[in-house]
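[1] can't give you the sequence, but here's the structure:
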């Protein structure tokens, strides 16, 4: 048991050193999108902003969701790295509880780890989506959040509305970083 505590503490220290999403306290339980309809959510989304993560290092981020099987959504995340290569990862998402369809769990094919929470807090399906995930680690929690859009840009009024939702659950939206979607820079993503 002692060895496990040392490993957990080491992991938490490493995460804290590499990212800004580790916080003291338990995960909040925010309200999610009412009557979430996964069939309307599928398609391509552009990452507009995110809380910094240790696993996303590129720009021009996109997430493409597809109907994989009943109750399962296929996931393809892509980003353009500084060296010009495209980093991508494939996975799937499904609701842990069908009565709460906006509370999805995502797992990735090449990552041997438990599924991570992907909660849709707000989406109009055609313009924006606000995603939140949080995992408890003892006295700490690890938070993730993304603002997505069907286009490479999102109007400021919508961003501010989504920031308000994040603020209401204790996330400082000033910690979010914008994702570059410059047409020329991101051109390799379209090939």
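    In hand now; what should we look at? Note that the structure is a prediction, hence the values are computed from the model and not measured.
[2] Please, where are all the helices along this protein?
    2-18, 38-41, 156-168 (DSSP state H).
[3] Least confident of these, on average?
    For the helices of the chain, mean pLDDT drops lowest on helix 2-18, to a mean of 40.
[4] Next, find the distance separating residue 89 from residue 29.
    Applying Cβ to Cβ, to the nearest Å, the value for residue 89 to residue 29 is 27 Å. Bear in mind the C-beta positions are built from the backbone N, C-alpha and C, glycine included.
[5] The two: which is more packed in?
    Using other Cβ atoms under 10 Å, the more surrounded residue of residue 89 and residue 29 is residue 89, with 15 against 10.
[6] The more buried one reaches residue 110, doesn't it?
    Yes: proximity of residue 89 to residue 110 meets the contact threshold set by Cβ atoms under 8 Å, at 6.9 Å.
[7] intersection of neighbour lists for the two?
    Common contact partners of residue 89 and residue 110 (Cβ atoms under 8 Å, 6 or more residues apart in numbering): none.
[8] Quick one: low-confidence residue ranges for this structure.
    Within the chain, the segments meeting pLDDT under 70 span 1-21.
[9] rerun at 90
    Scanning the chain for pLDDT under 90 picks out the ranges 1-23, 53-57, 69-71, 110-114, 190-191.
[10] wait, what's in contact with residue 59?
    Going by Cβ under 8 Å, 6+ apart, residue 59 touches 79, 80, 179, 180, 181, 185, 186.
[11] Just flag the most distant two among those residues.
    79 and 185 (12.0 Å; Cβ to Cβ).
[12] So between those two, which is more surrounded?
    Set side by side, residue 79 and residue 185 show more neighbours around residue 79, with 21 against 12, by other Cβ under 10 Å.
[13] Relative to residue 114, how far out is that one?
    Residue 79 sits 23 Å away from residue 114, going by Cβ to Cβ.
[14] Count the residues that sit near residue 133.
    Neighbours around residue 133, by other Cβ under 10 Å: 20.
[15] Test my guess that it contacts residue 141.
    No: Residue 133 sits out of contact with residue 141 when judged by Cβ under 8 Å, with a separation of 10.3 Å.
[16] Give the buried residues for stretch 44-63.
    45-51, 53, 56, 58-63 (16 or more other Cβ atoms under 10 Å).
[17] do stretch 151-159 as well
    152, 154, 158, 159.
[18] Could you report the neighbour count for residue 169?
    Count around residue 169 with other Cβ under 10 Å applied: 16.
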